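Enquirer: Show me the folded form of this:
(one chain, ligands or ions: 2)
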Amino acid sequence: MVAMIISSPMDPSLYSVRMRASSHGQHLTGAERIVPAAAASEVAAALTQRAMLCAGGPATEVHCSLEWIDPARLCNARLPDISTYQVDTWREGRQAASCLLVRAGVPVDVARQAVNALAEGAGPGGRVMRGAMIVDAATGERLESDPARGVRASRMDLSAELRPQLERTLAAAGLAHPRVLEALVLAGKVLQAPGMVAELCWSDDPAYSTGYVADPRSGYQRITALKPDGDWRGGRVFFVDTKMASLTALVDYLECQAVLFNAAGAISPPVKWIAADE
Ligand code: WAQ
Ligand code: MG
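Expert: Residues are numbered from 1 along each chain as shown. Ligands and ions are numbered 1, 2, ... in the order given. Down below sits the predicted model:
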């Protein structure tokens, strides 16, 4: 008789499944999920396959880890609301980004300095960082200890129930691109961090120029162009109120705290950005 151990579909445990792949020391791709125990090995296989088929490959090293999440430490949360500002040019988009950051409580010079840092490549030698800059929202000082890596938000996902439902609503709103869902989940976790004032982001993908400014009150505010087509620079900035939380507590939350989203926010139809005198 062959004994089989299968985790029961009723097992309420959740696992963090994380994959990262590199080619000769250069980061290629990464992805992560939080899934029920019964799905963990299947999801690990799917992420590993994604790494092996990655366009920039072949991957020479693939790391995939599965980690049990202590249910007592899991945080359940609701995703931010989504709005979209349409701009005619990336220059207008960058002005809109500064303006939304100011509305979130970031001084205008700090906002502009951060936009310029991403535009010029915020890593050493003007390269793209692997993670985010952390900026003191009051002074503009950069606080991340490693300027090449920055800080990486990790251990966040949608619940198994919310994922298909959100995929449908995003598709119906014309937001089917997987980057939207991924960035929304990341921003959702970031906005709940202690002392978080706002986040600024645009992709390093030369073919993807939409980015966003997120803040706890206004949610996830997309801006349709934040860089010229073909620009390979991009990144993220987390603006923090250092009086509200220590850097150690903030980084620990961003990297380690498991956050599972089980409710969606509202989605507003796109509107034309109108610059106000701010
Ligand atoms: N934590 C912190 N920073 C990160 C992380 C992370 N987990 N992942 C990426 N970054 C930083 C890193 O510097 C990347 O170069 C930069 O962010 C951009 O990452 O609504 O796709 O994955 O239409 O290229 C936003 C708009 C898309 C989506 C953002 O970012 C929409 C995107 P990418
Ligand atoms: Mg990228």
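Enquirer: how about low-confidence regions in this structure?
Expert: Applying pLDDT under 70 to the chain picks out residues 1-11, 277-278.
Enquirer: Up against ligand 1, what does it have?
Expert: With CB under 6 Å from any ligand atom as the criterion, the chain comes near ligand 1 at residues 128-132, 152-153, 179-180, 183, 186, 201, 203-205, 210-212, 222, 234-236. No exception for glycine: its C-beta is placed from N, CA and C like everyone else's.
Enquirer: Could you identify the buried members of those?
Expert: Among the residues of the chain next to ligand 1, the ones that count as buried by 16 or more other CB atoms under 10 Å are 128-132, 152-153, 180, 183, 186, 201, 203-204, 210-212, 222, 234-236.
Enquirer: Could you tell me which of the residues you listed belong to helices?
Expert: V180, A183, L186 (DSSP state H).
Enquirer: Tell me which residues of stretch 260-272 come out buried.
Expert: For stretch 260-272, by 16+ other CB under 10 Å, it's L260, F261, A264, G265, I267.
Enquirer: what about the nearest residue to the fourth one once chain neighbours are set aside, how many neighbours?
Expert: Nearest residue to G265, sequence neighbours excluded (CB to CB, 6 or more residues apart in numbering): D81, at 3.9 Å. Counted with other CB atoms under 10 Å, residues neighbouring D81 total 16.
Enquirer: from memory D81 sits against R217, does it?
Expert: No - using CB atoms under 8 Å as the test, D81 is too far from R217 to be in contact (9.9 Å).
Enquirer: list the contacts for the residue at minimal distance from the centre of the chain?
Expert: In the chain, the residue lying closest to the centroid (CA atoms, centre = their mean) is L186, at 3.1 Å. Residues near L186 by CB atoms under 8 Å, 6 or more residues apart in numbering: A153, M156.
Enquirer: Distance-wise, check it relative to T248.
Expert: Using CB to CB, to the nearest Å, L186 is found at 21 Å from T248.
Enquirer: List the buried residues in stretch 241-254.
Expert: Buried-residue list, stretch 241-254, by 16+ other CB under 10 Å: T242, A245, L247, L250, V251, Y253, L254.
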